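Peer 1: Show me the folded form of this:
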Amino acid sequence: YAPAAERLEAALREEPTIPQALLQLATCYTELGRTEEAKVKLDAVLKDDPENVQALISVANLLLREGKKEDVLALCKRTLVVDERNVQAYMLMGEVYMSEQNHAEALPYLEKAAEIQPKLTRNRLNLAAALVGVKQYARAETMLKDLIREFPRSPRARYNLGLLYEEQGRREEAKAAYTEEVAAFPREYQARFNLGQVLLSLGDRGG
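Peer 2: Sure, this is the predicted structure:
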């Protein structure tokens, strides 16, 4: 990203308003951790083109990292006025509500994201997590098992399956799901913590 940023900066010194160069440079700055500089470039795009969907979504992603949830929702709504089938806008809105444990509010947005782009793993995983949250266990279980079958290395799929089993009192199955998640992703602390709790409830203090 650093060499790419240098070349884009050079291009923009000759022609400061090339939208695609500004957008690409914002991406480089974001990946390099230079988020404030990224925002400046995105603001420049939006100044000339307030309905630029790529810029709106890029700003929303930056603001989500900063926890500015209301601003994220507002930007996503602006995006959907321009592009009513923008899957990223629906996904981000769902993720905002999921971060607040408001699964019921998140569900319609995640449903729409999965409807528009059903093959995107992130969409299906988020939707399954929301379904667990609203206790639609059967549908969530089918979705998670399909996801694991199609993408065995899908992160957090087995974790969410463990949550589902735990909420239903299926502790042995929860134990197996969490164990598989920890084996696949050893730094997944939430699965490790939940596995510890399940083992304790099963009387396995050593585990």
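Peer 1: so where do the helices sit in the protein?
Peer 2: Using DSSP state H, the helices of the chain run over 2-14, 19-31, 35-48, 53-65, 69-82, 87-99, 103-116, 121-133, 137-150, 157-167, 171-184, 189-201.
Peer 1: Show me what the last one is packed against.
Peer 2: Spelled out, it's helix 189-201. When contacts are defined as 3 or more Cβ pairs under 8 Å, 6 or more residues apart in numbering; DSSP states H and E, helix 189-201 sits against helix 157-167, helix 171-184. For every residue, glycine as well, the C-beta is placed using N, CA and C.
Peer 1: Give the buried residues for it.
Peer 2: Neighbour counts over helix 189-201 (16 or more other Cβ atoms under 10 Å) mark 191, 192, 194, 195, 198, 199 as buried.
Peer 1: what residues are up against the first one?
Peer 2: Residues in contact with residue 191, defined by Cβ atoms under 8 Å, 6 or more residues apart in numbering, are 158, 159, 162, 178, 181, 182, 185.
Peer 1: so the last one sits right up against residue 154, yeah?
Peer 2: Which is residue 185. No. At 10.2 Å, residue 185 does not count as touching residue 154 under the criterion of Cβ atoms under 8 Å.
Peer 1: related to what we said a few turns ago, any chance of CSV for the helices of the chain, columns distance to residue 207?
Peer 2: Formatted as CSV, the helices of the chain follow (distance: least, Cβ to Cβ, whole Å):
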stretch, distance to residue 207
helix 2-14, 46
helix 19-31, 40
helix 35-48, 42
helix 53-65, 36
helix 69-82, 38
helix 87-99, 30
helix 103-116, 30
helix 121-133, 24
helix 137-150, 23
helix 157-167, 15
helix 171-184, 9
helix 189-201, 4
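Peer 1: All good on my end, thank you.
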